[in-house]
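S.K.: A predicted structure for the sequence below; I have some questions about it.
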Amino acid sequence: MGDRFPDIDWWCDRCGAYLNGQYGFSDRKRVWKCEECGHKNSISRDNIYESHEDFWGNDD
């Protein structure tokens, strides 16, 4: 089975760590606990943004 969201890079909402590279990561799990900080990240369509700026709400 492939990813639910191919070609999407996932980053931790708390510490900014790259989740796709963490051992065992799969966006099919729907929640991923970051190996760096332990934050539980929701992996869903609602959490896909065009950029980091869009995620953080910068309107520049």
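M.R.: That came through, no problem. Numbering: from 1, shown residues only.
S.K.: For stretch 42-52, which residues meet the burial criterion?
M.R.: Neighbour counts over stretch 42-52 (16 or more other CB atoms under 10 Å) mark I43 as buried. To be clear about C-beta, it is placed using only N, CA and C from the backbone, and glycine gets the same treatment.
S.K.: average pLDDT for it?
M.R.: For stretch 42-52, the mean pLDDT works out to 89.
S.K.: what's the span of it, first residue to last?
M.R.: One end of stretch 42-52 sits 16 Å from the other (CA to CA, to the nearest Å).
S.K.: Can you name the residues that contact C12?
M.R.: Shown in contact with C12 (CB atoms under 8 Å, 6 or more residues apart in numbering): 19, 34, 36-37, 39, 41.
S.K.: Any chance of these in TSV with neighbour count, distance to W11 and secondary structure as columns?
M.R.: Listed next are these as TSV, based on neighbours: other CB atoms under 10 Å; distance: CB to CB, whole Å; DSSP: H, G, I helix; E, B strand; the rest coil:
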residue	neighbour count	distance to W11	secondary structure
L19	19	6	coil
C34	21	9	coil
E36	13	11	coil
C37	13	12	coil
H39	13	11	coil
N41	19	8	strand
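S.K.: Switch the residues you listed over to JSON lines; also include distance to P6.
M.R.: What follows is those, written out as JSON lines (distance: CB to CB, whole Å):
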{"residue": "L19", "distance to P6": "15"}
{"residue": "C34", "distance to P6": "21"}
{"residue": "E36", "distance to P6": "24"}
{"residue": "C37", "distance to P6": "26"}
{"residue": "H39", "distance to P6": "24"}
{"residue": "N41", "distance to P6": "18"}
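S.K.: contacting residues for I8?
M.R.: Each residue near I8 by CB under 8 Å, 6+ apart is listed here: 27, 48.
S.K.: roughly how far apart are it and G38?
M.R.: According to CB to CB, to the nearest Å, I8 and G38 sit 22 Å apart.
S.K.: Now tell me which helix or strand of the protein has the poorest mean pLDDT.
M.R.: The weakest-scoring helix or strand in the chain, judged by mean pLDDT, DSSP states H and E, is helix 52-56 (a mean of 76).
S.K.: How far does that one sit from its chain's centre?
M.R.: Remark: helix 52-56 is offset 12 Å from the chain centroid, using CA atoms, centre = their mean, to the nearest Å.
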